[in-house]
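[1] have a look at this prediction, sequence included:
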Amino acid sequence: MERYGSYIGGRWVVARDHRENVNPSDTSDIVGLFAAGGRDDVDAAVTAAREAQPGWAATSPQTRADLLEAVAARILADVDRLAELLAREEGKTRGESEAEVRRAAQIFRFFAGEAVRLTGETQDSIRPGVTVTHRREPVGVVGVITPWNFPIAIPSWKTAPALAYGNTVVLKPAELVPASVIELARIIDHAGFPPGVFNVVTGSGGVVGDAIVTHPGVDAVTFTGSEAVGRGIAVAAAGRFAKVQLELGGKNPLVIAADADLDVAVDCAVNGAFFSTGQRCTASSRLIVDHAVYEPFTERLRARMAALRVGHALAPDTEIGPVVDDRQLDTDLRYLELARATPGASVHGGDLVERDTKGHYLAPAIIEGLDNQAVVNREEIFGPVAGVIRVSGHDEAVAVANDTEFGLVAGICTTSLALADDFQRRSQTGMVMVNLPTAGVDPHVAFGGRKRSSYGPKEQGAHARDFFTEYKIAYVRP
Ligand SMILES: NC(=O)C1=CN([C@@H]2O[C@H](COP(=O)(O)OP(=O)(O)OC[C@H]3O[C@@H](n4cnc5c(N)ncnc54)[C@H](OP(=O)(O)O)[C@@H]3O)[C@@H](O)[C@H]2O)C=CC1
Ligand SMILES: O=C(O)CCC(=O)C(=O)O
């Protein structure tokens, strides 16, 4: 069984303790043994990152662009192997995994371009002869803490902009899925980045994650994961005046209007609620359906749902891979039990599925008959489970869609431009989708939500520079 260390200061550091990375499609398959890093590893990584940062910031933007482009090319050259590894460690289908790996390459390619595109601003002072410049500079050392549901794309969309703009990085992947990030570190190492520019410490959130967040040498922390952990990180980072960016949960509504094209609506619902096993912060976990189309929509949805093939992530006919681990499966089952025990609810699907290999297989489920106040329609489940809520008319649909503590993304299926436009304006979310699944965003576009879904500047696209750079304002009298 191969053992992997952390990547610190351009070297692979041998670890004392390791943790198994288990394949959720087949729990007898151990992907590898990964370092259970400690605070001393974080300290060494931050020291290396601090030493490397001024030199990295001083490199030509073209050098940074060339190196990021080399990472993109190396990812693409190895797509098959990386996709298979990702599917093995996370449980996404082979197709979903390949799409994610390609997305990681697109992200590195996009930020290669951004490295040479960074601009500042100038303005005239109110004092004659004086010019004011706003110049963007790197923040310094960025701590990156990532979740298990996008093992290579999320680490890439935090790392690529950090590096493009001259920061150095200490990254902690989720303990459930360290393999893809270790491969990314190998690629970055082979591409020829200076030692210390990119560092990875694997290990638990409570130890390695906390050490990154509280380390005085880390200038900024970018995090994606649960609200509870994000809240603690925000408090700890703000307490020592470090910059912080959080991407948290969602309870994303997809409205099916009375005039919706039901083929489009069912496609959007199936994709948004169940693909990637529902394990996306952008998942459509509330389907808000106008009573005029409730019966035909739910009938077609149930039929499509029942036909979805749940199975081993690497089996060619699998449409829905396994749940990531037994803990998340317990969470999904607990919410389904709660729904079944609630008067008026009817649960369709949601049974455990047996396959040739022992994996965490759960059939997709919808919960009908409950209103928007039910616990299952308020809390993020993070599994292949959606609540279906019946409403009367557009105004009620908008009110229900907005009646949540989250605000990541909202979708509407309608053939009316007026309804689509109205929904877009009134939705209390960072992102809106019209006749598209709520999940699945473009790699070159800003990403982020409102309310308790996100905190700090948006991620991705050119807007990423707002987090990964600081303005320096200079008054100049020549
Ligand atoms: N918005 C999103 O995209 C995501 C939301 N979630 C939500 O979070 C729930 C739980 O998922 P989970 O992976 O456990 O999410 P967590 O928030 O626990 O984990 C996200 C990352 O933070 C790390 N972490 C955990 N505790 C700390 C800490 N005290 N200080 C610093 N870092 C820490 C984790 O490490 P490690 O796991 O290695 O211990 C992981 O790398 C899901 O059911 C879902 O609701 C989950 C993933 C993504
Ligand atoms: O839907 C997407 O493309 C992105 C989802 C995401 O960022 C997440 O689940 O953390």
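    That came in fine, so what should we check first? Ligands and ions are numbered 1, 2, ... in the order given.
[2] and for Asp403, the neighbour number?
    Asp403 is flanked by 16 other residues according to other CB atoms under 10 Å. For every residue, glycine as well, the C-beta is placed using N, CA and C.
[3] same check on Ser25?
    Close neighbours of Ser25, defined as other CB under 10 Å, add up to 27.
[4] surely it and Val323 touch.
    No - Ser25 lies out of contact with Val323 (CB atoms under 8 Å); the separation is 10.3 Å.
[5] overlap in contacts, the two.
    By CB atoms under 8 Å, 6 or more residues apart in numbering, Ser25 and Val323 have these common neighbours: Gly91.
[6] distance-wise, check Ala65 relative to ligand 2.
    Going from Ala65 to ligand 2 by CB to the nearest ligand atom, to the nearest Å gives 25 Å.
[7] next: Asp261.
    In this view, Asp261 and ligand 2 are 22 Å apart by CB to the nearest ligand atom.
[8] please name the nearest non-neighbouring residue to that residue.
    Nearest residue to Asp261 in three dimensions, chain neighbours excluded: Thr415, at 5.9 Å (CB to CB, 6 or more residues apart in numbering).
[9] name the residues of the stretch 201-350 of the chain found near ligand 2, please.
    For the stretch 201-350 of the chain, the contact set with ligand 2 under CB under 6 Å from any ligand atom comprises Thr224, Arg280, Cys281, Thr282.
[10] again, only this time at 5 Å
    The stretch 201-350 of the chain has residues Arg280, Cys281, Thr282 near ligand 2, with proximity defined as CB under 5 Å from any ligand atom.
[11] again with the stretch 351-478 of the chain
    Counting by CB under 5 Å from any ligand atom, the residues of the stretch 351-478 of the chain near ligand 2 are Ala439, Gly440, Val441.
[12] wait, isn't the first one in contact with Phe274?
    In this case it means Ala439. No - using CB under 8 Å, Ala439 is not in contact with Phe274, being 10.0 Å away.
[13] residue nearest the centroid of the chain?
    Ile154 (5.0 Å; CA atoms, centre = their mean).
[14] okay, the closest residue to that residue other than its chain neighbours: pLDDT?
    Leaving aside its sequence neighbours, Ile154 sits nearest to Thr146 (CB to CB, 6+ apart; 4.7 Å). pLDDT for Thr146: 98.
[15] kindly report the same for Met1.
    The per-residue pLDDT reported for Met1 equals 85.
[16] number of residues surrounding it?
    Applying other CB under 10 Å, we find 8 residues neighbouring Met1.
[17] which residues touch the nearest residue to it once chain neighbours are set aside?
    Closest residue to Met1 apart from its sequence neighbours, by CB to CB, 6+ apart: Leu33 at 5.6 Å. Contact partners of Leu33, counting by CB under 8 Å, 6+ apart, are Met1, Glu2, Arg3, Tyr4, His18, Arg19, Glu20, Asn21.
[18] measure Leu33 to ligand 1 for me?
    15 Å.
[19] same check, this time on Glu89
    With distances taken as CB to the nearest ligand atom, Glu89 is found 13 Å from ligand 1.
[20] ok, now which ones touch that residue?
    Residues in contact with Glu89, defined by CB under 8 Å, 6+ apart, are Asn21, Asn23, Val31, Pro151, Leu176, Val177, Pro178, Ala179, Ser180.
[21] quick one: pLDDT of it?
    For Glu89, the model assigns a pLDDT of 98.
[22] what do you get for the one 5 residues further on?
    Arg94 is assigned a pLDDT of 98 by the prediction.
[23] burial of Tyr475, as a residue count?
    Neighbours of Tyr475 under the rule other CB under 10 Å: 10.
[24] quick one: what helix or strand has it in it?
    Tyr475 is part of strand 469-476, with elements assigned from DSSP states H and E.
[25] quick one, domains of the chain?
    Domain assignment of the chain by automatic domain parsing yields the ranges 3-248+453-476, 252-434.
[26] burial of the nearest residue to Thr222 once chain neighbours are set aside, as a residue count?
    Take Thr222 and drop its neighbours on the chain: the residue closest to it by CB to CB, 6+ apart is Gln245, 4.4 Å away. With neighbours defined by other CB under 10 Å, the count for Gln245 comes to 27.
[27] so Gln245 sits in a strand?
    Yes - under DSSP: H, G, I helix; E, B strand; the rest coil, Gln245 falls within a strand.
[28] and it, how close does it get to ligand 2?
    In this view, Gln245 and ligand 2 are 13 Å apart by CB to the nearest ligand atom.
[29] mind listing what that residue touches?
    Neighbour list for Gln245: Ala220, Val221, Thr222, Phe223, Tyr455, Gly456, Pro457, Glu459, Phe467 [criterion: CB under 8 Å, 6+ apart].
[30] filter those by proximity to ligand 1?
    The subset of the contacts of Gln245 within reach of ligand 1, by CB under 5 Å from any ligand atom, is empty.
[31] restricted to strands, list those.
    Ala220, Val221, Thr222, Phe223, Tyr455 (DSSP state E).
[32] what's the spacing between the third one and ligand 2?
    Pointing back at Thr222 there. Counting by CB to the nearest ligand atom, the gap from Thr222 to ligand 2 is 13 Å.
[33] for the first one, same thing?
    Between Ala220 and ligand 2 the distance, using CB to the nearest ligand atom, works out to 19 Å.
[34] helix/strand/coil for Ala265?
    Under three-state DSSP, Ala265 falls in the helix class.
[35] and which of the contacts of Gln245 is nearest to Arg309?
    Nearest to Arg309 among those, counting by CB to CB, is Glu459 at 32.8 Å.
[36] now do the contacts for Tyr335.
    With contact set as CB under 8 Å, 6+ apart, Tyr335 has these partners: Val375, Val376, Glu379, Ile381, Gly383, Val385.
[37] and it, how close does it get to Ala234?
    Distance, Tyr335 to Ala234, by CB to CB, to the nearest Å: 26 Å.
[38] repeat that for Gly205.
    15 Å.
[39] any idea how many residues pack against the nearest residue to Gly203 once chain neighbours are set aside?
    Closest residue in space to Gly203, ignoring its immediate chain neighbours: Gly37 at 3.5 Å, by CB to CB, 6+ apart. Residues contacting Gly37 under the criterion other CB under 10 Å number 29.
[40] output the set of residues of the stretch 301-450 of the chain in proximity to ligand 1.
    Residues of the stretch 301-450 of the chain lying near ligand 1 by CB under 5 Å from any ligand atom: Glu380, Phe382.
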